[in-house]
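K.L.:
sequence first, predicted coordinates after that:
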Amino acid sequence: MRTGEPLPSVGDVLAALATGLWQWDTAAGLVTVDAEAARLLGLPAEATTLTEAQTRARLHPEDWNEITGVVPLAVDEGTLAEVRIRIMDEQGNILRVVRSRSKPSFDAERRAYELIGTLQEVTEPTPGTAAARSAVTGDWRRSREAFLLDAGRALAEARSTAEVLRVVGGLSMPGFSPDGLVVFGAEGDRLTIIGQHGHQPGDMGPFSHMALTTDYPAAQVVRTGRAVYLSSPEEYKERYPATWPLAQPFGRRSWAFLPLTVAGRTMGAWMAAFAYPVAFTPDERAVLTTVARMLAQALSRAGAEESERELTEGLQRSMLPSLGPEIPGMQVAARYIPTGGGLQVGGDWYDLIPLPSGRFALAMGDVQGHDVRAAGLMGQLRIALRAYAAEGHRPDAVLSRASRFLHGITHDDHQMADLRFATCVYVEADPGTGTLEIARAGHPHPAIRMADGTVMIRPTAGGLPLGIDPDADYPTTRFTLEPGETLMLCTDGLIETGGHDMESGWRRLRTILEDHRGADGPELESLADALVQGVHGPSSHHTTGPLADRREDDIALVLLSRPLKETARPAVRRTLLSVAQDEPDRIAEARRHLRELLHDWVGADQVDSAVLLVSEMVTNVLVHTDADALLLAEVTGDAAARRLRVQVTDAGDDLPHKRRPGELASSGRGLMLIELLADAWGVDPRGEGKSIWFELYESGEASGDVSEGVSADGSGEAPEDDGPEDDVSEGAA
């Protein structure tokens, strides 16, 4: 070109410089390329328009992701976007490496990016030359920094060796990514393979258990703690001729072997192998070194957590025995779920103990705390309680001895700064009759799921938690588990997990128990799973409690069921409750218990009447006798035509008498209320004491006249006023 002649066109200049031009509109999803850019992309050398999918098919997937990440960053910072791109053919081979430089912009109205840039082929510099040591600058470096942040976060979240290896295998290093990874460990004087990615099973056989003295890069790295970089097969063959034949079949072009060092100790080596030549510039080495350090930390942390899990799971298995052989006539299901975090076994436990009498015992407890000491005390207490039970002691004596034992081992001179207590419930069961004797030490009350699906808390007498008072007493409550009923024992974790208190947590459990169909055989296991999932599974996040924090605690659960036989008589809904002379507050509990028993009764007025009469009858016993009251309530029959029978028994000898109180009298109306509200009632003398009973019929129609109520002397008429009677003012209080 002579001076004064017109300048050549931009296209001619770019073609002369072997530089292509490309334009990308993200709104239209189209990429326009000139003839040179098309040639660089491996297409016929002619201008054309491609879709994003067609363009993406010609680029390495990792590089396409880098482009989409660099463009918004360049727009935000007002800089050029520069990316190194690998062009691929249809077989996935790399044709060439090109550099793209562009000035992207953002169209706010179309909410799209537009850019015009150049493509120019580049060659990898020769290893060891000055060009190979030049630093990479600009957007490529920033993308590497973003990559390291993402990689560090992903490795920090990995909780097992397998997760760490999956994260490393999925790393996409900007500009250069290995297609083969191997993580080596060291055991004694041998290399071991912890994990690999990009190889077929069995490929790593020759490298497994290789002696550290072998002339192999990974062995040298473990011996010296210094990285080894091999930029070409020729360099590998020259430096490690003995092991080159092992590496040659993989067809790799470059290798990096880096030490995995934690706290100054080299625990292994990491190999990153590349299918194309890599110069290993200072920036590239810095990226690899940083990843190796994060990988070493992640593997060390994951190994420690796996060792802790293995230890605690072994401790859990040893401390929580299986339920053992089947129990004739009864079925048992149990669950233990560690949810408190940290140590995977805490102070919760359950146990099934065969007794010398032929009966068996169910024990459940919760030692205060969630640490190693709680787990140790739990193991000691469980063994001691099992020993006391095997000696044939009754439930109250078993808990009394266990309390003295725990008090003794926690109140010695060395442990006074860390006093612990434990809640416990101990149930002795007779498989033949279904009789249960329960002693309780500060533990949640058991619950009963009746044959018709009705669920009730079963109040039982109790004492202080174990270990607080060595002389504490633990009274025993006795009742019968009827055919078709299921007893539930649990620790407070099942109730309170998920931000619940005892009241709201129980309502959640009751809903699960009532909605579940069937509670014996395989269904008992299904019910146990449903209870655990309802408070600890994914669905529990939709049933959080009223407390601000979603509290978590270990869960122990035992279900004891007495199957309902096909030939058995119709199920009876029954509840039994004792009210001692020194427990007048349990009158309110008796009222609440009866309401729960009648939760689906048709007539609300009848429910109110029944609650009032129970209150009168129990109060009468406490006020006018020196005995305790025993309340028995039964519901029989089909829905909408059922019968309620309530019986209050005491050991007093005096029989109640009906009186006719004056208008201003404050007492004497108890039996009048029973006669007025009940469909039938009566008094049954016993050998020691008496029973007062009444019946209500759900249809509202008595099967006989009120006079069917039987008096104490069997005459059919209530006796006149000359003795103690129910006190309406006391009962209504």
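P.N.:
That came in fine, so what should we check first? Residues are numbered from 1 along each chain as shown.
K.L.:
direction included, what does the helix or strand harbouring L576 pair against?
P.N.:
In this assignment (DSSP states H and E), L576 forms part of strand 573-579. Paired strands of strand 573-579, with direction, are strand 629-636 (antiparallel) (DSSP bridges).
K.L.:
grab the CA positions of the partner strand and hand them over as CSV.
P.N.:
C-alpha atoms of strand 629-636 as CSV (Å, rounded to 0.1, in the frame of the first residue of the first chain):
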residue,chain,number,x,y,z
ALA,A,629,-60.3,-42.7,95.0
LEU,A,630,-59.9,-45.0,92.0
LEU,A,631,-61.7,-43.9,88.8
LEU,A,632,-62.7,-46.3,86.1
ALA,A,633,-64.4,-45.1,83.0
GLU,A,634,-65.5,-47.3,80.1
VAL,A,635,-67.2,-46.6,76.7
THR,A,636,-68.8,-49.5,74.9
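K.L.:
for that strand, buried residues please.
P.N.:
629-635 (16 or more other CB atoms under 10 Å). In this view, the C-beta of every residue, glycine as well, is placed from N, C-alpha and C.
K.L.:
for stretch 449-466, same thing?
P.N.:
Quick answer for stretch 449-466 (16+ other CB under 10 Å): 449-451, 453-463, 465-466.
K.L.:
then stretch 294-313?
P.N.:
Applying 16+ other CB under 10 Å to stretch 294-313 flags 294-303, 312 as buried.
K.L.:
do stretch 525-543 as well
P.N.:
527-528, 530-532, 534-536, 540, 543.
K.L.:
among those residues, which are located in strands?
P.N.:
The members of the buried residues of stretch 525-543 all map outside strands under DSSP state E.
K.L.:
average pLDDT across stretch 645-662?
P.N.:
Here stretch 645-662 scores 74 as its mean pLDDT.
K.L.:
shaky segments in the stretch 251-400 of the chain?
P.N.:
Applying pLDDT under 70 to the stretch 251-400 of the chain flags the ranges 311-325, 339-346.
K.L.:
that one: helices as residue ranges?
P.N.:
282-319, 372-390, 395-410 (DSSP state H, counting those that start in this stretch).
K.L.:
as a markdown table, the buried residues of stretch 294-313 with distance to A590 would be great.
P.N.:
Formatted as a markdown table, these follow (distance: CB to CB, whole Å):
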| residue | distance to A590 |
| --- | --- |
| M294 | 65 |
| L295 | 66 |
| A296 | 66 |
| Q297 | 62 |
| A298 | 60 |
| L299 | 62 |
| S300 | 61 |
| R301 | 57 |
| A302 | 56 |
| G303 | 58 |
| T312 | 44 |
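K.L.:
among these, which two are most distant?
P.N.:
Pairwise distances among the buried residues of stretch 294-313 were taken by CB to CB; the largest, 26.7 Å, belongs to M294 and T312.
K.L.:
about what we covered before: contacts for the strand holding L576?
P.N.:
With contacts defined as CB atoms under 8 Å, 6 or more residues apart in numbering, strand 573-579 is touched by 448, 450-452, 454, 456, 458-459, 461, 477, 479-480, 482, 586-587, 589-590, 593-594, 597, 618, 621-622, 628-636.
K.L.:
now, these that are in helices?
P.N.:
Taking DSSP state H as the definition of helices, the contacts of strand 573-579 contribute 586-587, 589-590, 593-594, 597, 618, 621-622.
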